[in-house]
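J.: from the sequence below, what's the structure:
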Amino acid sequence: MVKAIQTHRRFSTFSLMANFLILAGLLFTFSFQANAALKITASVNQNPIVQGSSFILEIRANESISASDWDNSALLANFVVGRTSINSQSSYFNGKTTHVTTLTTVLMARNIGAYTIPAFTIDGATTKPIKVNVISSATANSRGINNRNIELKVNISEKNIYVSQQFIYTATLYIAQNTKMQSGNLIEPTVADGVVKQIGKDENASQIINGKRFETITRQYAITINTAGASTITPARFEGQVSTSKRGYRFGSVTPVIIQADTLDVNIQAQPKDYKGEWLVSDFVQLDEELQPSQENYQQGEPITRTVTLTVANVDKSALPVLTVNWPQTVKVYPDKPQLTSFAQQNSYFAQQVLSFAIIPNQLGELTLPEISVPWFNSKTQQQEWATLPAKTVTILPSENNVANQNDQAPLVAPNSNNQENIQSLSTSPVWRWLTFIFAGLWILTCVAWLLLRKRNQKAPSPEITIATKTDNIWPQLQTALKNNDANQSSHLLHQWFKQRWPEIKDPQLTSLPMNKECLQACQDLFTFTYGNNAEITNWNGQVLLAQLTKLKGSKNTITKKQQPEIKTQLNP
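T.: Numbering: from 1, shown residues only. Below is the predicted model:
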C-alpha cells in the first residue's frame with residue numbers, strides 16, 4: 001500500500017515537469033517565429049557608383065510591411081531620393097506560408113566621395129549599414145566600368161557672360177540602343193537670381209559613340225542671370241523608367257533611373273563703369289524703319305506712318321529698351337502700342353520690338369523726322385556701340401483741296417481801271433437790273449424745289465454717292481472725304497471700304513472687325529457724330545481717323561522679307 005502511494009507521487013512529479021517543458025518549448029517556438037517576422041536586410045545593386053548615375057537600394061522583409069513604415073530622411077543629405085516601389089509575394093509550401101516584401105528605391109549621389117547608407121529600423125528589426133564609393137565618370141572610364149546605357153550631358157553657348165545677358169544651356173540625353181525608355185521627365189536647371197526658360201522644341205537624333213549607337217534627345221534653355229559674380233547652374237536631371245534587353249532576349253523588367261548632368265560654374269561679369277545709357281548686352285542689334293506712303297513730298301494734313309523695328313539677338317523680349325523719340329512741335333503724333341515678338345533664325349534667337357507712329361504735319365516746308373539711337377554693349381568686341389536710324393527730311397506741300405478752294409475764290413479778271421468802269425456801267429444799265437431780278441427769282445424757285453425734293457428723298461441714297469462708290473475707287477474718295485472733314489460722305493464710304501477690305505464678312509459690324517482699339521474708337525467717333533444725338537459733339541476732325549485707317553491699310557507682318565536678308569548678311573558677313 002505504501003509502495004503504491006510513492007509510485008503515484010513520482011508520476012505526478014513527472015507530469016508537472018513534462019507540462020513545464022512543453023510550455024517552454026511553445027514559448028521558444030512563438031519567440032522564434034516572432035523574431036523571424038522581424039528580419040529585414042538591405043542591399044545595393046552596384047558599388048562603386050558613377051557620379052550622376054542612379055543605383056537601387058533594396059530592403060527585403062520576410063513579412064508584410066508598408067512603405068510608410070520606412071523613413072528615408074537620413075538619405076537626403078547625400079543622395080537624391082527617387083520614388084519607392086513596393087512588391088509583396090506570398091507562397092505556401094509543406095504546410096507553411098511564407099511572405100516576402102521588397103521595397104525598391106532609386107538613389108543618386110550628389111558628389112564624389114565615400115558614403116554610408118545608414119541602418120534602418122522597421123518594427124524593431126534593423127538592417128546593417130552599407131558603405132558605397134562614388135567615383136567620377138573619368139575614373140570609371142579608366143577602370144573600364146563606365147558602361148552606362150543612359151547618360152545626360154550639358155554645355156553652354158558663351159564663356160564670357162555679362163549680367164542680364166541671355167545664353168543657351170543645351171541638355172542632351174543619350175539612350176543606348178539596347179535600352180528602351182518607358183517613361184521619363186527632364187527636369188530643367190535652376191539658377192539663383194535669374195530666369196530659366198525652355199526655348200524651341202526637343203530634337204531627336206542618333207549618334208555613335210565608341211562604336212555604340214545612342215538615340216539622343218536635345219533640349220535647350222535660355223538662361224539670364226541678373227547678379228554679377230560667381231554663380232552655379234544646378235544641372236538638369238532625368239528621372240524615368242527604362243528597360244534593358246540582353247543579347248538574344250527581349251526587354252527585361254522596368255527599372256527606375258535618375259541621371260544628373262555635371263554642375264556648371266560660371267562667372268557673371270558686371271556692367272562696365274564707362275557704359276552710358278540703358279543697359280543692353282548682345283552680339284547683334286539692328287534698327288530698321290519704313291515710311292508709308294514712301295515718297296519725298298507730302299501734303300499738309302496727310303498722315304505719314306513711320307514704323308521702327310528693333311531686332312536684338314540673344315535677349316529676352318522683356319529686356320528690350322523703350323524707344324523714345326523727340327518729335328518736332330510742327331506735327332501731331334499718334335503712337336501705337338509696341339509689339340513684342342521673338343523668333344529663331346540660323347540657330348540664334350532674336351527678340352523684336354515694332355513701333356508705329358502716325359504723323360500728321362500741320363506746317364508747310366521741310367519736316368525733319370528725328371534720329372533714333374539705341375546704345376548697346378557688344379559682347380564679342382567688349383565695346384559699347386549704337387544702333388542708329390539717321391534723321392530724314394521730307395517736304396510738306398499745301399493740300400490740293402486748299403489750292404482748289406483758293407482758285408475758286410480768285411477773280412477771273414484783274415481789277416484794273418477799265419474793268420471798274422465796265423462794272424459801273426453795267427450796274428447802272430436798266431437792262432442789267434431786269435436781268436438781275438429775273439435770275440434772282442429763278443434762283444429762289446430752284447432753292448425751294450431743291451428743298452422739297454430733298455425732304456421727299458431723304459431716306460433714299462444719293463445718286464452721286466452711289467455712282468462714286470465703285471469698289472476699285474473707294475480708298476481715294478474716302479481719303480478726300482476725311483481730309484475735307486465731310487462726315488456724311490466719310491461715313492458712307494467707310495462702310496463700303498469695310499466690305500471691300502473684308503469681303504469674307506457678309507455683314508461687317510464695327511466690333512467684329514480686326515482693328516486696334518485706337519482705330520475702333522476713331523470709327524466710333526465718326527458714326528456717333530453722323531448718326532447720334534450727342535449735343536456735346538459739335539465738331540469732327542477726319543485727320544485722326546485717316547491716320548488710323550492709313551496704318552490699318554498698310555499693316556503687315558512683323559518681320560518683313562526685306563529685313564530677313566539684312567539680318568542674315570549681318571550674321572554672316
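
J.: okay, residue 366: pLDDT?
T.: Looking at residue 366, its pLDDT stands at 91.

J.: which residues touch it?
T.: 393-396 (C-beta atoms under 8 Å, 6 or more residues apart in numbering). Where C-beta positions appear, they are placed from N, C-alpha and C, glycine not excepted.

J.: in ChimeraX, select just the buried ones from these.
T.: Listed next is the ChimeraX selection for buried residues among the contacts of residue 366, using 16 or more other C-beta atoms under 10 Å:
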select :394,396
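
J.: so which of the contacts of residue 366 sit within helices?
T.: Cross-referencing the contacts of residue 366 against helices under DSSP state H gives no overlap.

J.: adding pLDDT, write the contacts of residue 366 out as CSV.
T.: CSV is the format used below for those (pLDDT from 0 to 100):
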residue, pLDDT
393, 91
394, 91
395, 92
396, 90
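
J.: TSV for the contacts of residue 366, including distance to residue 493?
T.: TSV is the format used below for the contacts of residue 366 (distance: C-beta to C-beta, whole Å):
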residue	distance to residue 493
393	33
394	27
395	29
396	25
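
J.: closest one of the contacts of residue 366 to residue 527?
T.: residue 396 (30.5 Å; C-beta to C-beta).

J.: that closest one and residue 300 touch, don't they?
T.: Yes: with contact defined as C-beta atoms under 8 Å, residue 396 reaches residue 300; the gap is 5.5 Å.

J.: does residue 491 really touch residue 530, like I thought?
T.: Yes: contact criterion C-beta under 8 Å: residue 491 and residue 530 qualify, at 4.4 Å.

J.: so how far is residue 223 from the closest residue to residue 337 other than its chain neighbours?
T.: Excluding the flanking residues, the one nearest residue 337 by C-beta to C-beta, 6 or more residues apart in numbering is residue 516, at 7.8 Å. From residue 516 across to residue 223, the span is 35 Å (C-beta to C-beta, to the nearest Å).

J.: more crowded one of these two?
T.: residue 223 (24 against 14; other C-beta atoms under 10 Å).

J.: excluding chain neighbours, what is closest to residue 72?
T.: Using C-beta to C-beta, 6+ apart, the closest residue to residue 72 is residue 81 (5.6 Å).

J.: can you give me the helices in this structure?
T.: 2-37, 137-143, 400-409, 417-428, 430-456, 463-468, 474-483, 487-501, 517-531, 542-554, 563-571.

J.: hey, what's the residue nearest to residue 85 when sequence neighbours are not counted bridged with?
T.: Counting by C-beta to C-beta, 6+ apart, residue 104 is the residue found nearest to residue 85 once chain neighbours are left out, at 5.0 Å. With beta bridges defined as DSSP bridges, residue 104 has these partners: residue 58, residue 85.

J.: thinking again about what came up before, overlap in contacts, residue 396 and residue 300.
T.: Counting by C-beta under 8 Å, 6+ apart, the residues touching both residue 396 and residue 300 are 361, 363-364.

J.: which of those residues tops the neighbour count?
T.: Going by other C-beta under 10 Å, residue 361 tops the shared contacts of residue 396 and residue 300 with 22 neighbours.

J.: what's the spacing between it and residue 303?
T.: Separation of residue 361 from residue 303 (C-beta to C-beta) stands at 9 Å.

J.: before we move on, what about residue 215?
T.: From residue 215 over to residue 303 the distance is 58 Å, taken as C-beta to C-beta.

J.: right, I'll call it a day here.
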